[in-house]
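In: Turn this into a structure:
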Amino acid sequence: MSTTSAYMTVRGIDIDVIHKEIKHLHIGVYPPAGRVRVAAPERLEDDQIRLAVVQRLPWIRRQRKELQDAARQSTREMVTGETHYVWGARKRLRVVARPGRAHFEVEGTRLVLYVAPGSTAEERRTYLERWYRAQLREKLPTLLSEWENRLGVSVPKWTIRRMKTKWGSCNRESHAVWFNVELAKKDPASLEYIVAHELTHYFERGHGEAFTKRMDQHMPDWRKRRDELNGMPLAEERWES
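Out: Residues are numbered from 1 along each chain as shown. Purely as a prediction, here's the structure:
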């Protein structure tokens, strides 16, 4: 089955568009960031796809809200036995209470937190986020340098943030780039995809044909990385058009 990929933005929501040899249009909302993907028949034009998305915006927004509500409800207690992800690998948390500075160590399939006795769950969550940020700060300089050289650009400033609906973002005027702290949970290939994606925006504002062509040139497997990063949809609807 042949496929082609494109992007569009509808009412402030970024949409991945995949053209396939199918009869009906499908709209999916993917966790954890609420990425929206449309699988569309090859015959449909962009205006037809945009109209279908606009007509389904209330449904799309409900699904994205469910994702955000679920994220708030699934706050981790940071106790021994919980599962956490580190660079795409599932780790079982072990909490060791002992005096001294709080820190994490990866020991095989375990993520070990050494923390002072009496620490609260909120304090442990704060330690984990700081550790995730440190993991990103360790990997990003090398990746950014590699892609700066590959694309012939310069990244004057980059920041790690917690973002609800995006894996990354960039300012085309200042060339500043932001990365979602959640990327430390994903496979390193996903982090490289986001680096390439955001730096490609230095040249192309939107996600149209020119953007896709640049991504194809510099990262031929970017679609596979994108799909693995976004995972399975929270919900999917078929839309007959």
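
In: ok, and for stretch 196-216, which residues are buried?
Out: 196-202, 204, 207, 211-212, 214-215 (16 or more other CB atoms under 10 Å). C-beta: built from backbone N, CA, C; applies to glycine.

In: among these, which one has the lowest pLDDT?
Out: Minimum pLDDT across the buried residues of stretch 196-216 is recorded for H207, with 81.

In: okay, which residue is most central for this protein?
Out: The centroid of the chain falls nearest to W167 when counting by CA atoms, centre = their mean (3.5 Å).

In: May I have the phi/psi pair for that one?
Out: phi -80, psi -30 (degrees, to the nearest 10).

In: residues contacting it?
Out: Contacts for W167 (CB atoms under 8 Å, 6 or more residues apart in numbering) come out as 33, 179-180, 182-183, 190, 194, 229.

In: Please convert those to a markdown table, extending it with neighbour count, secondary structure and pLDDT.
Out: Below are these laid out as a markdown table (neighbours: other CB atoms under 10 Å; DSSP: H, G, I helix; E, B strand; the rest coil; pLDDT from 0 to 100):
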| residue | neighbour count | secondary structure | pLDDT |
| --- | --- | --- | --- |
| A33 | 21 | coil | 73 |
| F179 | 26 | strand | 97 |
| N180 | 23 | strand | 95 |
| E182 | 18 | helix | 93 |
| L183 | 25 | helix | 96 |
| S190 | 19 | helix | 96 |
| I194 | 23 | helix | 97 |
| L229 | 21 | helix | 86 |
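
In: tell me which of these is nearest to V106?
Out: Comparing the contacts of W167 against V106 with CB to CB picks out L183 as the nearest, at 16.9 Å.

In: measure that closest one to A33 for me?
Out: Separation of L183 from A33 (CB to CB, to the nearest Å) stands at 10 Å.

In: Show me which of the contacts of W167 is closest to P117.
Out: When the contacts of W167 are compared for distance to P117 (CB to CB), E182 wins out at 29.6 Å.

In: dump the residue contacts of that closest one.
Out: Neighbours of E182 in contact, by CB under 8 Å, 6+ apart: 32-33, 132, 162-163, 167.

In: Now distance to A116 too, for those, in TSV please.
Out: Formatted as TSV, the contacts of E182 follow (distance: CB to CB, whole Å):
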residue	distance to A116
P32	30
A33	33
Y132	20
R162	25
M163	31
W167	34
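
In: if I've got this straight, E204 is in a strand?
Out: No: secondary structure of E204 (DSSP: H, G, I helix; E, B strand; the rest coil): coil, not part of a strand.

In: For the closest residue in space to it that isn't next to it in sequence, give its distance to E45.
Out: If the residues on either side of it in the chain are set aside, E204 comes closest to F211, at 4.0 Å by CB to CB, 6 or more residues apart in numbering. Remark: distance between F211 and E45 (CB to CB) = 18 Å.

In: Now do the strands in this structure.
Out: 3-10, 13-20, 25-30, 35-41, 83-86, 89-97, 103-107, 110-115, 158-161, 168-170, 177-180, 235-239 (DSSP state E).
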